[in-house]
Each structure stands twice: as C-alpha cells, then as structure tokens.
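Visitor: this is a predicted model, with the sequence first.
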Amino acid sequence: QGQLVESGGGLVQAGGSLRLSCAASSLTFSAYYMAWFRRAPGKEREFVAGISSTSGTTYYANSVKGRFTIGRDNAKNTMYLQMNSLEPEDTAVYYCAADRLRRATYDVYDYRGRGTQVTVSS
C-alpha cells in the first residue's frame with residue numbers, strides 16, 4: 001500500500017521561508033499527479049499547489065502564486081513545496097496527496113499524507 005509522509009514544517013516568522021517535502025513509498029511515484037493542500041484552524045481544507053507527473057505543468061492557488069514553488073524529483077520519489085515570504089495567513093497543516101488524475105478535492109485522492117504543521121508568527 002502506498003504511503004506519503006510530509007516533513008519540513010515548523011515555526012517561522014512572517015517573511016521567512018520553509019521547504020516542505022513529501023516522500024512517497026510503495027507506489028509508482030512518476031505516474032502520479034501530486035498536490036499540496038492545507039487546512040487552517042477553523043477553515044476548510046484548500047488546494048495550494050499541484051504538479052503533473054512529468055513536472056511539465058504546475059498549478060497554484062491565487063493566494064500563494066509568486067511566493068510558493070512546487071517541484072518534484074521522480075528519481076527520489078519526493079515532492080517539494082518551497083514557501084517564501086510566508087504570512088500568518090499561511091499557518092495551517094499542510095498535506096500532500098497523489099492521484100493518477102488531477103483532482104480538485106483532497107478526500108478523493110488515491111494517497112494522502114498525515115500532514116505537517118506550519119506556523120507563521122507575526
């Protein structure tokens with residue numbers, strides 16, 4: 001059974017940077033569309049960024065465009081999210097997800113991680 005494990009979260013001041021990683025195991029990573037979602041306290045989970053299986057196409061939520069960069073290394077079975085110019089509004093649990101198709105809703109993804117906490121202080 002495939003597994004996704006997020007890492008790299010933590011506490012950072014506003015304006016700072018963090019790099020999240022999502023390590024995949026027991027699945028053909030290079031065949032999957034990958035995405036990051038986040039859930040802030042008291043809010044619904046929302047899409048953050050997505051990347052096609054070959055890294056040819058990336059997608060971003062308007063709220064993170066220009067600040068976050070998604071990437072993947074298929075040789076290492078790992079996806080990344082470089083987060084710059086972080087704002088307190090970015091505070092959330094960040095989840096990675098994998099599916100053979102690009103999907104809008106986190107809950108229907110084939111594989112989903114348990115999340116990593118990102119806290120941005122003002």
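Guide: Happy to help now that I have it.
Visitor: only C-alpha atoms from now on, for both contacts and neighbour counts.
Guide: OK.
Visitor: which regions of the protein sit below the pLDDT cut-off?
Guide: For the chain, no stretch has pLDDT under 70.
Visitor: now do the strands in it.
Guide: 3-7, 10-13, 18-25, 33-39, 46-51, 58-60, 68-73, 78-83, 92-99, 111-112, 116-121 (DSSP state E).
Visitor: for those, which one sits closest to Thr105?
Guide: Nearest to Thr105 among those is strand 46-51 (7.9 Å), distances taken as C-alpha to C-alpha.
Visitor: may I have the strands that pair with that closest one, each with its orientation?
Guide: strand 33-39 (antiparallel), strand 58-60 (antiparallel) (DSSP bridges).
Visitor: now the angle between strand 78-83 and it, please.
Guide: Orientation check (axes from the mean of the first three to the mean of the last three C-alpha atoms, to 10 degrees): strand 46-51 against strand 78-83 gives 120 degrees.
Visitor: starting at the chain centroid, how far to strand 46-51?
Guide: For strand 46-51, the separation from the chain centroid amounts to 6 Å (computed by C-alpha atoms, centre = their mean, to the nearest Å).
Visitor: Ser122 versus the residue nearest to the spatial centre of the chain, what's the distance?
Guide: The centre of the chain sits closest to Trp36, judged by C-alpha atoms, centre = their mean, with a distance of 2.5 Å. Applying C-alpha to C-alpha, to the nearest Å, the value for Trp36 to Ser122 is 23 Å.
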